[in-house]
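1. All I have is the shape, not the residue letters:
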């Protein structure tokens with residue numbers, strides 16, 4: 001068993017309330033329950049010796065060949081092992097709750113099967129509750145075992161014999177061709193009734209029921225573009241990372257995975273960011289998933305109604321999936337971290353930061369959902385209107401910015417642009433919904449922001465809009481400007497900005513957020529290229545008419561997906577995936593880029609090909625994609 005497998009060597013399974021990572025060698029090395037943001041049950045990905053894991057794999061199988069795939073159009077994961085003795089596989093899934101209500105019972109099903117020959121499978125179930133801080137008692141039972149911790153109970157039931165190994169459970173079973181064996185791991189509240197012993201028929205029904213759920217959902221997609229496999233895998237991933245009882249998406253399934261191995265940039269991403277969730281609305285609507293988009297905008301409307309941000313601000317940048325704003329950050333000193341990457345943090349202190357861009361993303365989400373008939377009620381409008389009234393007074397302040405830097409507040413250009421977006425979309429909605437609003441004040445603030453950005457955010461040296469008003473640093477977040485309508489995609493100012501970003505931040509189509517050396521962010525070390533930004537780059541290229549480069553960059557980016565089509569947050573210097581996994585922001589940006597590129601390519605079909613002399617006449621050409 002690898003002490004720390006590569007971050008990318010995992011698939012994700014989940015039940016729309018929590019999720020587990022399964023390594024390409026059959027090890028569940030991350031699982032938190034009963035919610036995404038709950039303490040861990042298995043966390044050997046953050047500490048191999050202390051974190052706990054659940055292994056089901058061929059005995060002595062480290063020397064064989066492993067392959068992993070998703071059953072088509074589902075979140076059911078198949079891990080295959082091939083050796084001279086035969087071929088075996090483990091099927092992992094989490095049945096989706098039939099009710100959208102929050103539940104305290106969550107089940108991970110693991111089915112071992114021999115496809116050819118004869119394979120001996122070994123099982124090790126070693127849970128470590130509350131980030132391995134809480135002890136537990138083992139209660140052996142005829143059909144398996146129960147693990148009793150102070151705040152949670154886990155039941156392991158198996159169709160083959162298990163034995164006690166200290167406070168853990170282990171077992172082996174030899175399967176000939178066509179034979180199967182199952183292990184079912186269920187977490188629930190302490191004192192809750194044990195689930196009935198599983199039969200092979202019941203387990204089979206649950207697996208096929210999970211397959212049917214996902215395939216029915218994917219069939220409702222209206223995407224008919226060039227990359228259905230990639231787009232639908234990203235859509236499934238976004239849904240897997242959404243807490244169904246509230247409609248709130250989390251940023252990633254994990255915490256503590258490093259942006260630089262051995263470094264300190266290790267954050268907890270199991271929460272709902274206003275920014276990420278708002279941008280996911282457009283990606284979901286592009287695919288026809290109106291119900292999911294609407295569920296988040298309702299959640300967002302509740303946060304606007306609460307007006308419960310820190311220091312009297314209307315919104316906080318992130319919340320727990322149920323809307324709770326308390327995300328106190330603590331360091332888990334007893335965890336060594338992934339390959340020694342510490343500190344390992346649970347919770348996120350960035351929740352207290354001022355990030356003014358979130359108001360633009362929130363209004364963007366509400367206006368995009370308006371296009372499909374979603375309206376907020378009168379009381380919802382009151383909360384929205386109060387927020388924009390507040391923003392008219394608050395927009396001209398330094399903040400921590402989209403990347404949550406910890407090096408002090410600055411006048412970030414992207415934050416100003418998103419304040420412009422908030423007021424611009426608010427004015428549109430006030431007119432279309434015929435709602436009361438101080439439109440004169442909103443208009444004056446919106447126009448003042450645009451003038452300030454173009455005067456103070458523009459660098460004559462770079463001939464581009466820059467990260468903040470006090471420097472010449474480029475920032476990839478500005479790749480969103482054409483989509484927002486702040487600058488036209490073919491305007492001279494935008495084309496030279498895109499050229500500058502290409503020149504300074506792009507490396508073989510991969511895009512850095514910014515240069516930390518040129519713009520210190522209060523943290524040591526470096527980071528990889530940001531996969532979100534690479535897809536924003538593709539989107540911007542497509543809108544600027546650079547279709548060959550956009551398509552080439554998009555296709556190349558697929559080489560960096562893992563073996564089952566998932567992306568982490570970043571790509572390292574050697575092509576390895578870094579950061580929390582999988583990353584919702586990356587997958588929603590993939591969808592946005594694919595749809596934009598499809599649209600641009602379709603529109604170009606009937607146009608005459610551009611002549612070479614026309615290309616040479618452009619003010620610049622991007623050449624490093």
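-> Here it is on my side, so go on. Just so we're clear, the structure is a prediction, and the values are computed from it rather than from any experiment.
2. For the closest residue in space to residue 19 that isn't next to it in sequence, grab the count of nearby residues.
-> Nearest residue to residue 19, sequence neighbours excluded (C-beta to C-beta, 6 or more residues apart in numbering): residue 253, at 4.6 Å. For the C-beta atoms, the positions are set from N, CA and C on the backbone; glycine is no exception. The tally of other residues near residue 253 (other C-beta atoms under 10 Å) stands at 29.
3. Does residue 253 touch residue 581 like I think?
-> Yes - with contact defined as C-beta atoms under 8 Å, residue 253 counts as touching residue 581 (6.8 Å).
4. which residues do these two both contact?
-> For the pair residue 253 and residue 581, residues contacting each of them under the criterion C-beta atoms under 8 Å, 6 or more residues apart in numbering are 12, 21.
5. quick revisit: confidence score at the residue nearest to residue 19?
-> The predicted local distance difference test score for residue 253 is 98.
6. Which residues lie in contact with it in this structure?
-> The neighbours of residue 253, taking C-beta under 8 Å, 6+ apart as the test, are 12, 14, 19, 21, 30, 36, 240, 241, 270, 580, 581, 582.
7. which residues in the stretch 201-350 of the chain form strands?
-> Assigned by DSSP state E, counting those that start in this stretch, the strands in the stretch 201-350 of the chain fall at 242-243, 248-249, 272-273, 318-319, 330-331, 345-346.
8. Include mean neighbour count, mean pLDDT and distance to residue 185 when you put the ones you listed into JSON lines, please.
-> Rendered in JSON lines, the data for the strands of the stretch 201-350 of the chain read as follows (neighbours: other C-beta atoms under 10 Å; pLDDT from 0 to 100; distance: least, C-beta to C-beta, whole Å):
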{"stretch": "strand 242-243", "mean neighbour count": "25", "mean pLDDT": "97", "distance to residue 185": "21"}
{"stretch": "strand 248-249", "mean neighbour count": "28", "mean pLDDT": "97", "distance to residue 185": "25"}
{"stretch": "strand 272-273", "mean neighbour count": "28", "mean pLDDT": "98", "distance to residue 185": "26"}
{"stretch": "strand 318-319", "mean neighbour count": "25", "mean pLDDT": "96", "distance to residue 185": "29"}
{"stretch": "strand 330-331", "mean neighbour count": "13", "mean pLDDT": "97", "distance to residue 185": "27"}
{"stretch": "strand 345-346", "mean neighbour count": "20", "mean pLDDT": "97", "distance to residue 185": "22"}
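9. buried sites along the longest strand belonging to the chain?
-> With residue count as the measure and DSSP state E as the assignment, the chain has strand 106-126 as its longest strand. Using 16 or more other C-beta atoms under 10 Å as the test for burial, strand 106-126 gives 106-114, 119-126.
10. which stretches of the stretch 1-150 of the chain have low pLDDT?
-> Segments of the stretch 1-150 of the chain classed as low confidence (criterion: pLDDT under 70) are 98-99.
11. hmm, I was thinking of the stretch 201-350 of the chain
-> Checking the stretch 201-350 of the chain against pLDDT under 70 turns up nothing.
12. Let's see that with 80 instead.
-> Under the criterion of pLDDT under 80, the regions of the stretch 201-350 of the chain flagged as low confidence span 308-311.
13. Does residue 547 touch residue 600 like I think?
-> Yes - checked against C-beta under 8 Å, the pair residue 547 and residue 600 is within contact range at 5.7 Å.
14. who's more crowded, those two?
-> Neighbour tally, residue 547 and residue 600, criterion other C-beta under 10 Å: the higher count belongs to residue 600, 20 against 16.
15. Who are the contact partners of that one?
-> 542, 543, 545, 547, 550.
16. ok, 6 Å please
-> Counting by C-beta atoms under 6 Å, 6 or more residues apart in numbering, residue 600 makes contact with 542, 547.
17. So it: helix, strand or coil?
-> helix (DSSP: H, G, I helix; E, B strand; the rest coil).
18. distance of it from residue 549?
-> Applying C-beta to C-beta, to the nearest Å, one obtains 12 Å for the distance of residue 600 from residue 549.
19. where along the stretch 401-550 of the chain do the strands fall?
-> Using DSSP E, counting those that start in this stretch, the strands found in the stretch 401-550 of the chain span residues 458-459, 464-465, 506-507, 510-511, 529-530.
20. okay, those in JSON lines with mean neighbour count and mean pLDDT next?
-> As requested, those are exported to JSON lines (neighbours: other C-beta atoms under 10 Å; pLDDT from 0 to 100):
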{"stretch": "strand 458-459", "mean neighbour count": "18", "mean pLDDT": "98"}
{"stretch": "strand 464-465", "mean neighbour count": "25", "mean pLDDT": "98"}
{"stretch": "strand 506-507", "mean neighbour count": "17", "mean pLDDT": "94"}
{"stretch": "strand 510-511", "mean neighbour count": "24", "mean pLDDT": "97"}
{"stretch": "strand 529-530", "mean neighbour count": "26", "mean pLDDT": "96"}
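21. Which of the strands of the stretch 201-350 of the chain sits closest to residue 416?
-> Across the strands of the stretch 201-350 of the chain, residue 416 has its closest neighbour in strand 272-273 (19.4 Å, C-beta to C-beta).
22. ok, the closest one: who's next to it in the sheet?
-> For strand 272-273, sheet partners with direction are given as strand 318-319 (antiparallel), following DSSP bridges.
23. Name the surrounding residues that touch the partner strand.
-> With contact meaning C-beta under 6 Å, 6+ apart, strand 318-319 is reached by 271, 272, 273, 325, 351.
24. Max pairwise distance over these: which two?
-> Using C-beta to C-beta, the contacts of strand 318-319 span at most 12.6 Å, a distance reached by 273 and 325.
25. Quick check: what element follows the longest strand of the chain along the chain?
-> The first helix or strand that comes after strand 106-126 along the chain, using DSSP states H and E, is helix 129-132.
26. Next SSE downstream of that following helix?
-> The C-terminal neighbour of helix 129-132 among helices and strands, as given by DSSP H and E, is strand 137-141.
27. Give the pairing partners of that following strand; include direction for each.
-> Applying DSSP bridges to the sheet, strand 137-141 is found paired with strand 144-148 (antiparallel).
28. phi, psi of residue 74?
-> For residue 74, the backbone dihedrals (degrees, to the nearest 10) come out as phi -140, psi 170.
29. same check, this time on residue 365
-> Backbone torsions of residue 365, given as degrees, to the nearest 10, read phi -60, psi -50.
30. Give the closest residue to it in space, chain neighbours not counted.
-> Distance criterion C-beta to C-beta, 6+ apart; nearest residue to residue 365, sequence neighbours excluded, is residue 278 at 3.7 Å.
31. any idea how far residue 308 is from that neighbour?
-> On the measure of C-beta to C-beta, residue 278 and residue 308 end up 18 Å apart.
32. And whichever helix or strand residue 592 is part of, what's buried?
-> Mapping residue 592 onto the secondary structure by DSSP H and E places it in helix 584-604. By neighbour count, with 16+ other C-beta under 10 Å as the criterion, the buried positions of helix 584-604 are 584-598, 600.
33. Please apply the same query to stretch 130-138.
-> Neighbour-count burial for stretch 130-138, counted by 16+ other C-beta under 10 Å, picks out 130, 131, 132, 136, 138.
34. Let me know the closest of those to residue 499.
-> Taking C-beta to C-beta as the measure, residue 131 is the one of those closest to residue 499, at 46.9 Å.
35. quick one: contacts for that closest one?
-> By C-beta under 6 Å, 6+ apart, the contact set of residue 131 is 39, 40, 332.
36. Correct me if wrong: the first one contacts residue 132.
-> No - Residue 39 is beyond contact range of residue 132, at 9.2 Å (criterion: C-beta atoms under 6 Å).
37. one step back: tell me the angle the longest strand of the chain makes with strand 137-141.
-> Comparing the axes of strand 106-126 and strand 137-141 via axes from the mean of the first three to the mean of the last three C-alpha atoms, to 10 degrees yields an angle of 100 degrees.
38. partners of strand 106-126, with directions?
-> Paired neighbours of strand 106-126 in the sheet (DSSP bridges): strand 53-58 (antiparallel), strand 86-93 (antiparallel), strand 168-176 (antiparallel), strand 180-188 (antiparallel).
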